[in-house]
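Asks: How does the following fold in three dimensions:
(one chain, ligands or ions: 1)
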Amino acid sequence: MSTKAFASQADLQDKQVSFTKLSDHAYAYTAEGDPNTGVVIGDNAVMVIDTQATPAMAQDVIRRIREVTDKPIKYVVLSHYHAVRVLGASAYQPEHIIASQDTYDLIVERGEADKASEIGRFPRLFRAVETIPPGLTWPTITFTGKMTLWLGKLEVQLLQLGRGHTKGDTVIWLPQERILFSGDLVEFDATPYAGDAYFRDWPKTLDNIAALQPAKLVPGRGAALITPEHVQAGLAGTKAFIEDVRAAVEEGVRAGKDLRAVYKETYARLQPKYGRWVIFDHCMPFDVTRCYDEVTQYPDPRIWTAERDRQMWETLEG
Ligand SMILES: [Zn+2]
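Replies: Next up is the predicted model:
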């Protein structure tokens, strides 16, 4: 028996939703550390950034959008491939679903495994899971590096600024208003999930975000950051966490310790600094396992399956 309930199966507390206006063109749908959705309103169309986990949950986003505009929702952008971000897409009936080619490739390679894994880890985040249509969410447009959409006079840039949370991470940037939607590359008062991450690349990618000098930033989890000081705090906190995990894991590996020992030591070292962030206990086993893999023998993240999730949890928490 595990001493801690597997992943977030014991997390049943509903969160309070906020729909925060960032400008005439940008809103943040946030929920106290649950996955966020971004909304961009152009002259003649609406773009939704990350969909929520199920069509039923996406209906609440649509309800909020309809309180502020009646323009059609034409575009859904996926910041990355994780199920909790993409499986609500069908509710919006968009003309196009846009993602980086790297994200598309990850959906092909591991979308099905990730869907089963994520639903098992965090049942509360998949409310009305039966409303998810069979199969996966498939992008209809992919890009590499940079893509610009003009929603009338509003410029919307989709940018790959480097690997981090996943191989395919995309940020959405409104240069005229200096507003950025980061997906899970940046979190605020929430623990970064790094089970599919590139620890060596992530801090540099955060520097690339900082170089844009966003005035406001919507993180993947946590409240919208609405001043440059808040943005800086979100970027710095995420970077410090990733660097602290990596430093602790590298130290353990150099000392010849096995994964379980490295996990226990890394957890103990980080808990005082980050333990108050939501989903800390959920993320740490996945994050340390991936970091240990990267430091030792796996340049690319191994695919998580529902079965591998359980085995890992038993090894580290059992
Ligand atoms: Zn994610």
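Asks: Asp105 and the ion: what is the separation?
Replies: As judged by C-beta to the ion, to the nearest Å, Asp105 and the ion stand 16 Å apart. Where you see a C-beta, it was placed from the backbone N, CA and C, and this is true even at glycine.
Asks: Tell me the residues of this structure that contact the ion?
Replies: His82, Asp184 (C-beta under 5 Å from the ion).
Asks: Do you have the helices of the chain handy? List them.
Replies: 55-68, 83-86, 101-121, 202-211, 228-254, 259-274, 280-296, 306-317 (DSSP state H).
Asks: Out of the ones you listed, which gets nearest to Leu159?
Replies: helix 202-211 (8.6 Å; C-beta to C-beta).
Asks: average pLDDT for the closest one?
Replies: Throughout helix 202-211, pLDDT has a mean value of 98.
Asks: what's near enough to touch Tyr274?
Replies: Thr191, Phe241, Asp244, Phe280 (C-beta atoms under 8 Å, 6 or more residues apart in numbering).
Asks: residues in contact with stretch 113-127?
Replies: So stretch 113-127 is contacted by 6-9, 11-14, 34-35, 53-54, 56-57, 81-84, 87, 129, 132, 136, 282, 303-306, 308-309 (C-beta under 8 Å, 6+ apart).
Asks: Quick one, which of these are buried?
Replies: 6-8, 11, 34-35, 53-54, 56-57, 81-84, 87, 132, 136, 282, 304-305, 309 (16 or more other C-beta atoms under 10 Å).
Asks: Read off the pLDDT value for the residue nearest in space to the middle of the chain.
Replies: The chain has Asp184 as the residue nearest its centroid, 2.9 Å off, counting by C-alpha atoms, centre = their mean. Per-residue pLDDT puts Asp184 at 98.
Asks: residues contacting it?
Replies: Ser79, His80, His82, Arg85, His165, Thr166, Asp169, Pro192, Tyr193, Pro219, Gly220, Arg221.
Asks: What of Arg302?
Replies: Here Arg302 is in contact with Asp293, Arg308 (criterion: C-beta under 8 Å, 6+ apart).
Asks: Just want the phi and psi numbers for it.
Replies: phi -70, psi 150 (degrees, to the nearest 10).
Asks: Distance of it relative to the ion?
Replies: Arg302 is 16 Å from the ion, by C-beta to the ion.
Asks: count of residues packed around the residue of the stretch 201-318 of the chain found nearest the ion?
Replies: Distances between the stretch 201-318 of the chain and the ion by C-beta to the ion are smallest at Gly220, namely 6.4 Å. By the measure other C-beta atoms under 10 Å, the count of residues near Gly220 is 28.
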